[in-house]
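K.L.:
Next comes the sequence, and after it the predicted model I'd like to discuss.
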Amino acid sequence: MTRCAVMGTGSWGTAFAMILADAGCEVVLWGRRKELVDAIDRDHVNPDYLPDLRLPESIRATTDPAEALAGADFAVLSVPSQTLRDNLARWAPLLGPQTVLVSLMKGIELGTAKRMSEVVQEVAGVGPERVVVVSGPNLAGEIANRQPAATVVACTDEAVAKRFQTACHTPYFRPYTNTDVIGCELGGAVKNVIGLAVGMANGMGLGDNTKATLITRGLAETTRLGLALGADAHTFAGLAGMGDLVATCSSPLSRNNTFGTNLGRGMTLAETIAATSQTAEGVKSCESVLDLARRNGVDMPIVEAVVDVVHNGRPTQEVLKGLMARSAKPERR
Ligand SMILES: NC(=O)C1=CN([C@@H]2O[C@H](COP(=O)(O)OP(=O)(O)OC[C@H]3O[C@@H](n4cnc5c(N)ncnc54)[C@H](OP(=O)(O)O)[C@@H]3O)[C@@H](O)[C@H]2O)C=CC1
Ligand SMILES: O=C(CO)COP(=O)(O)O
């Protein structure tokens, strides 16, 4: 039986543990808070993140990373991106020699501008063939209801991607493989930033033309960055690109979209942060995505606009005016 450790008892870690258990894997969830872990282990419910979901009884939970990772075929990493490096440094000595690390995270590291799979390789000291990325239109709240969804399982080694595809394939969750890890990760990280922008437009009372423009031009700048980094343009037309962008930008379940909506409605950054209990990766990753773009000479005006609002305190109206006043240019260049 395939054994999976899921590191993180947040909304996606918990929903993904359910997927793996439903697909027939033996699953141990690791969480850092004893009271939450005890509730999952005893009551088969995660009251803090997905209180309406009754988890499969086969899922065990622990606060001991060694217990979670012992004998794991796959270590599925689901903590906020900016905490991965420190967490993984503690977990790396506990990994088996064959354990494949799976990133569910959609962020870029601040300071280094590294993708999560790069951080994993560096900290765990493993090659790219031991790192899998899962990314797609996968709002945890919908998956927890076992609503049909698809995703992308990416690894440079297609055989490894296929192994994890089998491990997480259920009647309601359909994983496709891809060997373009860079494209899949960028799709996941940048869509959060575009989700913030679309949320802002929503909060400002703007309509579907504005939102469709931000989505489409957002995808154009994501693709530009991806091509500069060696990704395959086709990935951005797929589930990890367009698919996730559409889900995030249209759903009130998206934390990034909701965060942007609150800012667009005129809440201050401090008020918006106080109103957000879960991880909205784009809030931090907008800065690291912009950093990555600048390091590679790529123009990302929407990402820059989001940074201006979120981190430089510029009013949304003024930033939007600035985007519209950019010089006229051909759609493709
Ligand atoms: N939710 C979703 O729909 C989806 C999320 N993702 C991605 O999955 C990743 C995880 O997000 P998600 O589960 O949604 O986030 P949540 O905010 O729901 O949960 C965060 C989890 O990380 C834990 N955590 C927070 N800070 C630390 C830390 N410093 N060290 C260790 N653990 C910590 C939290 O523990 P505690 O409860 O103790 O604070 C909690 O278990 C993100 O990168 C996100 O973009 C991808 C697809 C879908
Ligand atoms: O990544 C997600 C859906 O695919 C979840 O989006 P949020 O993090 O914005 O909630």
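P.N.:
Perfect, I can see it now. Ligands and ions are numbered 1, 2, ... in the order given.

K.L.:
and the gap between residue 87 and residue 11?
P.N.:
Taken as Cβ to Cβ, to the nearest Å, the spacing of residue 87 relative to residue 11 amounts to 17 Å. Where you see a C-beta, it was placed from the backbone N, CA and C, and this is true even at glycine.

K.L.:
Over to residue 49?
P.N.:
4 Å.

K.L.:
intersection of neighbour lists for these two?
P.N.:
By Cβ atoms under 8 Å, 6 or more residues apart in numbering, residue 49 and residue 11 have these common neighbours: 140, 278.

K.L.:
Please name the residues that touch the residue nearest to residue 87 when sequence neighbours are not counted.
P.N.:
Of all residues not flanking residue 87 in the chain, residue 79 sits nearest, at 5.4 Å (Cβ to Cβ, 6 or more residues apart in numbering). Residues near residue 79 by Cβ under 8 Å, 6+ apart: 7, 8, 10, 13, 87, 105.

K.L.:
What of residue 264?
P.N.:
Contacts of residue 264 (Cβ under 8 Å, 6+ apart): 199, 200, 201, 202, 203, 204, 316.

K.L.:
Now do the phi/psi pair for it.
P.N.:
Dihedral pair for residue 264: phi -60, psi -30, per degrees, to the nearest 10.

K.L.:
Now do the strands in this protein.
P.N.:
All strands of the chain, identified by DSSP state E, fall at 3-7, 26-30, 60-62, 74-77, 100-103, 131-135, 149-154, 173-178.

K.L.:
of all these, which lies closest to residue 227?
P.N.:
strand 173-178 (16.0 Å; Cβ to Cβ).

K.L.:
For the closest one, which residues meet the burial criterion?
P.N.:
173, 175, 177, 178 (16 or more other Cβ atoms under 10 Å).

K.L.:
can you put those residues in a markdown table and add pLDDT and distance to residue 145?
P.N.:
Conversion of these to a markdown table gives the following (pLDDT from 0 to 100; distance: Cβ to Cβ, whole Å):
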| residue | pLDDT | distance to residue 145 |
| --- | --- | --- |
| 173 | 98 | 12 |
| 175 | 98 | 18 |
| 177 | 98 | 25 |
| 178 | 98 | 26 |
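
K.L.:
Report the contact partners of the residue nearest to residue 64 when sequence neighbours are not counted.
P.N.:
Leaving aside its chain neighbours, residue 64 sits nearest to residue 30 (7.6 Å; criterion: Cβ to Cβ, 6+ apart). Counting by Cβ under 8 Å, 6+ apart, residue 30 touches 5, 6, 7, 8, 9, 61, 62, 63, 64, 65, 68, 69.

K.L.:
now do residue 90
P.N.:
Contacts of residue 90 by Cβ under 8 Å, 6+ apart are residue 65.

K.L.:
Look up how far ligand 2 lies from residue 262.
P.N.:
13 Å (Cβ to the nearest ligand atom, to the nearest Å).

K.L.:
Correction: the previous question concerned residue 236.
P.N.:
15 Å.

K.L.:
Likewise for residue 108?
P.N.:
For residue 108, the distance to ligand 2 - Cβ to the nearest ligand atom - is 14 Å.

K.L.:
Can I get the buried part of the contacts of residue 30 as one PyMOL selection?
P.N.:
Only the buried entries of the contacts of residue 30 go into this PyMOL selection, using 16+ other Cβ under 10 Å:
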select buried, resi 5+6+7+8+9+61+62+63+65+68+69
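
K.L.:
Of the contacts of residue 30, which is the nearest to residue 210?
P.N.:
Distances from residue 210 to the contacts of residue 30, taken by Cβ to Cβ, are shortest for residue 8, at 34.9 Å.
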